[in-house]
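In: let's see this in three dimensions:
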Amino acid sequence: MNTLPIEVLLVEDSPDDVALTKEAMEEGKIKVNLHVVGDGVEAMKFVRKIDAYKNAPTPDVVLLDLNLPRKNGSEVLAEMKMDDKLKHIPVIILTTSSRDEDILDSYNHHANCYVTKPVDFDSFTEIVKTIEDFWFTIVRLPK
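Out: Numbers count the residues shown, from 1 in each chain. Alright, predicted model coming up:
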């Protein structure tokens, strides 16, 4: 079993959702280094190691909200999956949208999965723990 921490990039502009995600991951069984950016432009800088992120780790997984300022999550997803250096990184859409159009668009841009955020604290925490259990325990991630 890999004892190195999992590098997770959370792309989320809601401070409340960031706090909930951090709390849920702290309660988890897997050691996670959670990196947070608040918009799509910063997300692309992080994954491409530009400016302040030049020493950032390559994420093992990206948790991506769709409703972001400056560059939305759909644009970030499309850019990542068109880039040969980034397309191997699993991207999990974690958003409030349950619109069929958003779900189809995300899968058309090669999202690895699509999860609609529940509105209550307990359900949100359970979703994050489930993502963590599946993606960090069962799934083999590329290195």
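
In: just want the most central residue of the protein.
Out: Centroid-nearest residue in the chain: Leu63, 1.0 Å away (criterion: C-alpha atoms, centre = their mean).

In: low-confidence ranges in the chain?
Out: Applying pLDDT under 70 to the chain flags residues 1-3.

In: what ranges do the strands span in it?
Out: Secondary structure of the chain, counting by DSSP state E: strands at 6-11, 32-37, 61-64, 91-95, 113-116.

In: could I get those as JSON lines with distance to Ala52?
Out: For glycine as for every other residue, the C-beta is placed from the backbone atoms N, C-alpha and C. Putting these into JSON lines (distance: least, C-beta to C-beta, whole Å) gives the following:
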{"stretch": "strand 6-11", "distance to Ala52": "14"}
{"stretch": "strand 32-37", "distance to Ala52": "10"}
{"stretch": "strand 61-64", "distance to Ala52": "18"}
{"stretch": "strand 91-95", "distance to Ala52": "22"}
{"stretch": "strand 113-116", "distance to Ala52": "29"}
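
In: of all those strands, which one is nearest Glu132?
Out: Of all the strands of the chain, strand 32-37 sits nearest to Glu132, with 7.2 Å by C-beta to C-beta.

In: the closest one pairs with which strands, parallel or anti?
Out: Sheet pairing of strand 32-37 (DSSP bridges) gives strand 6-11 (parallel).

In: got the angle between the strand it pairs with and strand 91-95?
Out: Counting by axes from the mean of the first three to the mean of the last three C-alpha atoms, to 10 degrees, strand 6-11 lies at 40 degrees to strand 91-95.

In: can I get strand 6-11 in PDB, CA atoms only?
Out: Taking Å, rounded to 0.1, in the frame of the first residue of the first chain, the C-alpha atoms of strand 6-11 are listed here in PDB:
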ATOM      1  CA  ILE A   6      -2.600  11.800  -2.000                       C
ATOM      2  CA  GLU A   7      -2.200  15.200  -3.600                       C
ATOM      3  CA  VAL A   8      -5.700  16.600  -4.200                       C
ATOM      4  CA  LEU A   9      -6.500  19.900  -5.900                       C
ATOM      5  CA  LEU A  10      -9.900  21.300  -4.800                       C
ATOM      6  CA  VAL A  11     -11.200  24.000  -7.200                       C
END
